[in-house]
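[1] only geometry, no sequence info:
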C-alpha cells in the first residue's frame, strides 16, 4: 500500500495540491483518548502557508474537519478521518509547466511512472500533501502525550549558518520565523533566506529533532528498528537528502571507546546512540538531524526539455513558493517522528507475555 | 510483521548467532528466474567471517541450502527458502555477558523489551543475522540482473581516511581486505583498522553505494518513496548512524540553482538528486553514502552495570570481533539496496493500466 | 490495519452511521483508467436506503464526491478518495439503546472491546458502513470491465422461498424490489418479507453471485487463494453466516468421481470447482452463495440486560430498518467480490518473469 | 505477501511436497512463553500420513526441528522457525502427471499462472503444505492455552453419514480413525470411506469446530472481523468448499426473533451467533462447520487433456492418497483457527487506551 504508513497506528492519506481536498484516515487508535481539535488545528497552523515573509504567499486556512472516530470527545477505536479543503488554488496558467519539466521536481518522474500527471501545483507530489501528515501527527502527539512522550524539532542550520544544538531554547522556536532553536542564530538564518529570495533563488538547511520521555523497549530488532522506521518516515518527506541519528556521520570517524555510551547506575553517561541501541529505544532521548535540499522551485531561468519533443528549452517558474523549506518542514518532521513513535509504542504492547 | 521486509519481493528472516541455524524465506519472486546457487554462495562468502586479518576469527562456511521454490533450475513462483547452519558456536563462557550489559550493544534494550535475552553472541541482535539478508540480496541481484540493474558498494572511508569517490575502480574492490573503492586509499584504510585493533579498540567508517541500470519510474510518491524504502533498509542494518542520498548533507548548504539538476535532451546534467526525484527513480544512477559506527565490541575495559543489581561495574569483552564493520558490511548494504530495488521494480508493474 | 482491505488494490474506509460522513480511499489503482462518476453513483443508488417498501425508510442521497486521484477524467495512480455525507441522521432518542444492548447486534461486543460505543444507529457497526464499500467496489468494477471481467449477484432465496439458480435472468434483477434472479420467484420472495414485516419481525435469505470473464491464473497458492480472499471479503459483511463456493456443502456428500470437473479440449465439462482450483482461477465462472441472517433489528419485544447493572430487562427497538437484508446486500456482495478480483488481477501481474 | 498469514501473530511458510523440506517462521510471538516441543510433535503426529487405513500410505515422521526463537525453554520475542524434512519422496515416475492435468487439482492453474509447475506430488499445492500450518498452529495453541483458550475439531459427517453435533464426546475423537466426534457414528463413517476406496473413488465430508474460553472483544469491526479472518483461514485450506458460522445457512430461513440470541444476566440464552457479534467475540463459544470436497486424486480413469497439445486424453492416477480428506484435515482446521484466535488476541491488546 503506497499511501499508508504504519502498522498498528496506520495512516492513509490522499489529496493533491489543486484538487478539492486533502485528508487522512488514522487506523488503530486505541479507544478512550480525549481528542483535542484545537491542538490539531494549532499544529496545522504551524505548517500552513502564508505565515511569514519566509514562506509562500498561498493562503490556506487548512481548517481540519473530523469526519469519524470520535464520540463525546473521545476516540472510539474506529478510524479517525480528517478532511482539509483546498481553498486558494490559483486559477493559474499551468500550460508551461504542463509542457516542460521543472528541474528538481517530480514532474518528469511522474510522467515516467504514470504516463501523465496532474501538473497543477505538483499534484500529489506537492509539499501540500504534508498537511495530511501534520494532522495525523497531531493525533499521534496526543496519544504520545498520554504516555509522557514529547516530540519537537527546530531549524539547526540554514545554508552555511548553523545554530548550536547545545544552546537550543525550545520556548523560542515558535517566536522566530525560521523556527531556529538557538535564538542567537535566528536573525542570521533569516538573512540567509532573504538573500536567496532576493537572488530569485532558494536555500537548503538542516533540522534537529528529539523525542523525549520515551519508554525503553520500543522498536523491533531486525527490520523495523526504531531508527529504520524513523529513517523511512523522514526520507518520505519531500526534499530530505540526509539523516543522522545520535552521533551520525561523526561516528564514522570515531573509535569504539569514544562512541560507546558508558552505562552507569544513573543511566547512559553520553548519548552517541541517539537513544536507540540495536534498533530499540533505551529510555534516553532520541535525537536526529535531517538535511533538506533547497526548494527546487526558483524564479531563475533553468535548463530543461520540452515534454512533447524532448528538445532543450528553458523555464522560468512563476507562482508562490517558499524560498527555504526549513521553517515549514519542522512541524512535518515532528509529525512523522510522532507517528513512528506512536506506532512502535502500540507495537511494544505485545512484546512480552502478560 | 517485525521480521519481514518488502511488499511484493518480501523477505522473512530468522535465526540467532548461536542457535542451530539462520534462514530466509523470499516471497513474491516471479516464476521462471534462473537460479544460480554458486552466485548466492559467492555473495555469502563476501560477508562471512574469517576472510582476512581485518575481520573476526569466527569460522563459518555459511553454506546455503535451498529448501524450496526452485524446480529444474528455475524459480516456481512459490517461496524460495534458504538455510544456513551455524557451525562454529564457541562453547564460550557467557556468564559475564549474561550478568552485565555490553556498552553500545542491544543487551540492555533486549532485556528492557523482552524481559530476558539470548546472551550467546548477541542472539538475534548479532551481526550474524545479516547472513540471511545477504542470501536474500543475492537472489534480488539475480532478479535485478535480468532487468539490467546492478548494485555495488565499497568502503568510502575508515576513521579519518577517505577515498575519492570519483576515483573508484570497481574491479579492485574485492582485491583489498577493506573493500576500498579508491585503490590509492586502501592501504591507509587497512592501517587505520590495524592501529585501532592494536589499541584493543575499533573504528567506524562510511560506505559508498550505487544502483545502476535502474529504469525510471520506480518508487511510490508519498510514503514508499525509493529513498524512503532505501533509508528504511539501510538503517535496519546494525551500526548504521547516517545516510545521505545524492548530494546529501551538502544540499543543506546549497542554493536551488546549484542543487537542481538541469534537464537536457541527453539526460540530467548533474546528479545531485542521487537518481531519485519525488521519491521516484529518474533513470540516473542512484547513489548514497552510509555512516557506520565503530564496532561496539572492544577489548578495552568499559563501564557498565550489573544486570541483577544495577550497580556499577566494569566489563572486558572477550571473544572474536571485527575491529571495523566496514569490510563485511559492504555486501550487506548491497543486499538491502538490491532487495528494495527488486521490490519497487515489481511494484511498478501495476503503476499504469495495461 | 483494521479498516484496510486488499494488497495492491487496497481500500481504507471510515465513517459511522450518524457521524458527519463516510468515505473510502482506494490505493493502488493504476494510472490511466477512465473514471465514470455516474456509474459509481448508480451503484450507490442500488445500495442506498429508501428504495422500496422492502427497505428502510431512512432517506440518504448517498451522493459521492471524488476528492482526489482523478485528473482530466482519468485515474492518476495516486489515491482515489470518495466522500459520502450523512444527511438524514434522525435526532432520535437513543437513550434506551445506550442503556441496553440490542440482541443480534454488536452493541455488547463494542462495549466489551472498546469500553464504550457510539450508540447512534450502531455507529461504525451499522450497515451504513457498507456505502464506502459499494463506492470502492464500483471503481473496482470499472477496472475489471477494462479487462473484460463482470461481477453480478442476486437474491437466491428469502426465508424458505428459493429461486432456481439455473433460471436466472440477469436483466430482471433490478426490476423487482428483492433483486430476485429467477423472475418466477420474485413475488413470493417479496411476500415473505412483507409477512415478516407485518409480524414486526425480519427474515433471512441467500445471495447467489458470479464473476465472469476472469482470466485464469488469479489467486495465490497458499493463504491468499482466490476463494480464501473472497471468503474474507464476504464474511466481513455484517450479517453473513455462511458461504459456499462452487458445489459448496453438497461437495461434502459427493465422491471424487462426481465432484471433479473433467477437463476437455473445450474447457471444464462441469463447474463444481466454482471456477477456482488450488486457490487459482481456472478461467471458468467463479460462483458462490452467501447465507445472510435475518435483520437483527426487529420491532418485537426482546430480552436483554441493562448496561449499567447487568440486570434483565426487555427492549423494543424503534427507528427504521430493513425487514430483510438481502435486497440491499446484493450490491455489497458484488462490491466486495469486485474488490477481491481487482486486487488479485493486479497481484497476478508479477507471477511470471517478463 | 502470498505466503504469510496474520498480522501480529504472523506465519510465513515454504516448502513443496517433494522438495528437501517444509517450514514455517512465526513472527510476533510474545517473549516468555514456555515452549513445549513434545506438544508440537504430537500435533504433527495427528496430521501426518500413514496413521491408519483411512489415510495415505506415505511414510513421513514429520519430525519438527526448532531453529530459532527459543532460549532456555522460553520464546524470546524473535521469530520462531521450524523445519520439517521430507523423507519419503517416492522416486516415482511423474512423467504422466507432468504431461497432463489431474482433474480437481491445481495442476492446470499452476501452469496457467506460473507458466510451468513442480509436478512431483503437486509441489506447493500438495496437502503436504499443511504440515507447516499444523506446526505453527501448535504454537498458537500454546499461546492460547496461556490465556485459557482451547480449539478443537472433529468429523461431523462423511458422505451422507452425519454425527450429531449435540452428542460430541471430545475424549473419543482421537480414538477412532476418522476423528468422528459423535462416537455412535464413527463406524458408519469409516465404512463410507472404505466403500469409496474399494470403488477406487473418494468421498467428501464436513468438520465441526469450536473455540472455547475466548475472551470477549476479539476481532476488528469492519474488514478483520473474527468471522472474516476465520473464513480466510479456513478457505485457505485446500479442498474447503463451504463454511458456516453459528447458525450458518439455517439462519437464511429464520426470522430475527428466532435467530437473535436473547441476552440474559447469565449470558446469551442461545448461540446462533456462533460466539461472534459484529465481527467481535462475545465471550461465548465460537462454532463453525466446514465442507470439504472429496479427495481429487482417485484411482478411476478420468477425462483430461494433454498439456502439450490440448487434446483430449484420459488419466489414471497412481500413487498414495487419502480416500477422504476429513480425518487428517481436522488438525489443520484447528491449526488455522488457533492462528486466527492468537492473532486477534494479540491485536486486541491495543483496542483500549491503558
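    The structure has been received and is ready for your questions. The structure presented is a predicted model; accordingly, all values stated were derived computationally and were not measured.
[2] Span of stretch A:68-76 from start to end?
    Distance between the two ends of stretch A:68-76: 9 Å, counting by C-alpha to C-alpha, to the nearest Å.
[3] now do stretch A:152-168
    End-to-end span of stretch A:152-168 (C-alpha to C-alpha): 11 Å.
[4] who's in contact with it?
    Residues outside stretch A:152-168 that contact it (C-beta atoms under 8 Å, 6 or more residues apart in numbering or on different chains): A:170, A:173, A:178-186, A:188-193, A:196, A:203-210, A:212, A:289, A:324, A:326-327, A:330-331, A:333-334, A:337, B:252-255. In short, each C-beta sits where N, CA and C put it, glycine included.
[5] Could you tell me how far that stretch lies from the centre of the chain?
    Once both centres are worked out by C-alpha atoms, centre = their mean, to the nearest Å, stretch A:152-168 turns out to sit 16 Å from its chain's centre.
[6] Name the residues of that stretch that are buried.
    A:152-159, A:161-163, A:165, A:168 (16 or more other C-beta atoms under 10 Å in any protein chain shown).
[7] Per-residue pLDDT of residue A:55, please?
    Note for residue A:55: predicted pLDDT of 69.
[8] try the one 10 residues further on
    Predicted confidence (pLDDT) for residue A:65: 98.
[9] List the contacts of it.
    Applying C-beta under 8 Å, 6+ apart, the residues contacting residue A:65 are A:82-85, C:20.
[10] Keep only these that also lie close to chain D.
    With C-beta under 8 Å from any C-beta of the partner chain as the criterion, the contacts of residue A:65 include none near chain D.
[11] which two in those residues are spaced the farthest apart?
    Largest separation among these by C-beta to C-beta: A:84 and C:20, giving 14.2 Å.
[12] From the buried residues of stretch A:152-168, which land in helices?
    Among the buried residues of stretch A:152-168, DSSP state H puts none in helices.
[13] can you tell me which two in the residues you listed are farthest apart?
    Spanning the widest gap among the buried residues of stretch A:152-168 are A:152 and A:159, at 22.8 Å by C-beta to C-beta.
[14] picking that back up, so for residue A:84 and residue C:20, which sits in the more crowded spot?
    Neighbours per residue (other C-beta atoms under 10 Å in any protein chain shown) separate residue A:84 from residue C:20, with residue A:84 holding more: 23 against 16.
[15] of the contacts of stretch A:152-168, buried ones?
    Counted by 16+ other C-beta under 10 Å, these give A:173, A:178-183, A:185-186, A:188-190, A:192-193, A:196, A:203-210, A:289, A:324, A:326-327, A:330-331, A:333-334, A:337, B:252-255 as buried.
[16] residues in contact with the helix or strand of chain A with the lowest mean pLDDT?
    Least confident helix or strand of chain A, by mean pLDDT, DSSP states H and E, is helix A:95-99 with a mean of 92. If you take C-beta under 8 Å, 6+ apart as the criterion, helix A:95-99 is touched by A:107, A:119, A:306-308, A:315, A:317.
[17] Now, the residues you listed that are in helices?
    In helices, defined here by DSSP H, the members of the contacts of helix A:95-99 are residue A:107.
[18] Return the closest of the contacts of helix A:95-99 with respect to chain B.
    Closest approach to chain B among those (C-beta to the nearest C-beta): residue A:107, at 8.2 Å.
[19] didn't the closest one look like it was pressed against residue A:113?
    No - using C-beta atoms under 8 Å as the test, residue A:107 is too far from residue A:113 to be in contact (11.2 Å).
[20] Tell me who's in contact with residue A:24.
    Counting by C-beta under 8 Å, 6+ apart, residue A:24 touches A:11-14, A:81-82, A:132-133, A:135-136.
[21] do residue A:308 as well
    For residue A:308, the contact set (C-beta under 8 Å, 6+ apart) comprises residue A:99.
[22] where does residue A:93 fall, helix, sheet strand or coil?
    Three-state assignment for residue A:93 (DSSP: H, G, I helix; E, B strand; the rest coil): coil.
[23] Tell me which residue in the stretch 151-300 of chain A sits closest to chain B.
    residue A:278 (2.3 Å).
[24] any idea how far stretch A:119-126 is from the chain center?
    Chain-centre distance of stretch A:119-126: 18 Å, with C-alpha atoms, centre = their mean.
[25] actually stretch A:113-123, sorry about that
    22 Å.
[26] same deal with stretch A:27-45?
    Distance of stretch A:27-45 from the chain centroid (C-alpha atoms, centre = their mean) equals 18 Å.
[27] What are the buried residues along that stretch?
    A:27-33, A:35, A:40-41, A:43-44.
[28] hmm, back to that, mind checking which of the contacts of stretch A:152-168 are in helices?
    Going by DSSP H, the helices hold A:186, A:188-193, A:196, A:326-327, A:330-331, A:333-334, A:337 from the contacts of stretch A:152-168.
[29] filter those by proximity to chain B?
    Among the ones in helices among the contacts of stretch A:152-168, the ones lying near chain B by C-beta under 8 Å from any C-beta are residue A:196.
[30] Out of the ones in helices among the contacts of stretch A:152-168, which is nearest to chain D?
    Set against chain D, the nearest of these by C-beta to the nearest C-beta is residue A:337 (19.9 Å).
[31] Apart from its neighbours in sequence, what residue is nearest that closest one?
    With sequence-adjacent residues excluded and distances taken as C-beta to C-beta, 6 or more residues apart in numbering or on different chains, residue A:337 is closest to residue A:151, at 5.0 Å.
[32] just checking, the one you found touches residue A:341?
    Yes - with contact defined as C-beta under 8 Å, residue A:151 counts as touching residue A:341 (6.6 Å).
[33] Looking at the two, which one has more neighbours?
    It is residue A:341, of residue A:151 and residue A:341, that has more neighbours when counted by other C-beta under 10 Å, with 30 against 26.
[34] Do you know the pLDDT at the more buried one?
    Residue A:341 carries a pLDDT value of 98.
[35] Ok, residue A:319 next?
    As predicted, residue A:319 sits at a pLDDT of 80.
[36] Make sure I have this right: it is in a helix.
    No - going by three-state DSSP, the assignment for residue A:319 is coil, not a helix.
[37] Report whether the expected contact of it with residue A:94 is present.
    No - the pair residue A:319 / residue A:94 is not scored as a contact, 9.1 Å apart, by C-beta under 8 Å.
[38] overlap in contacts of these two?
    residue A:121.
[39] interface residues of chain A facing chain D?
    Residues of chain A lying near chain D by C-beta under 8 Å from any C-beta: A:8, A:28, A:30-33, A:75, A:77-78, A:146, A:221, A:346, A:349-354.
[40] can you rerun that using 6 Å?
    Residues of chain A lying close to chain D (C-beta under 6 Å from any C-beta of the partner chain) are A:8, A:30-33, A:77, A:346, A:349-353.
[41] And the pLDDT for the residue lying farthest from the centre of chain A?
    Going by C-alpha atoms, centre = their mean, the residue of chain A most distant from its centre is residue A:309, 36.3 Å out. Model confidence at residue A:309, expressed as pLDDT, equals 97.
[42] which phi and psi does it have?
    Main-chain dihedrals, residue A:309, degrees, to the nearest 10: phi -110, psi -20.
[43] Now do it against residue B:265, distance only.
    Between residue A:309 and residue B:265 the computed distance is 9 Å (C-beta to C-beta, to the nearest Å).
[44] Leaving out chain neighbours, which residue sits closest to residue A:121?
    In this structure, residue A:121 finds its nearest non-sequential neighbour in residue A:17, 3.4 Å apart by C-beta to C-beta, 6+ apart.
[45] Is there a neighbour count for that neighbour? I'd like the number.
    The number of residues packed near residue A:17 is 21, by other C-beta under 10 Å.
[46] What residues does residue A:138 make contact with?
    Counting by C-beta atoms under 6 Å, 6 or more residues apart in numbering or on different chains, residue A:138 makes contact with A:40, A:43.
[47] and if we set it to 8 Å?
    Residue A:138 is in contact with A:39-40, A:42-44, A:335, counting by C-beta under 8 Å, 6+ apart.
[48] try residue A:263
    By C-beta under 8 Å, 6+ apart, residue A:263 lies in contact with A:269, B:101, B:103, B:108, B:303-305.
[49] That concludes my questions; thank you for your assistance.
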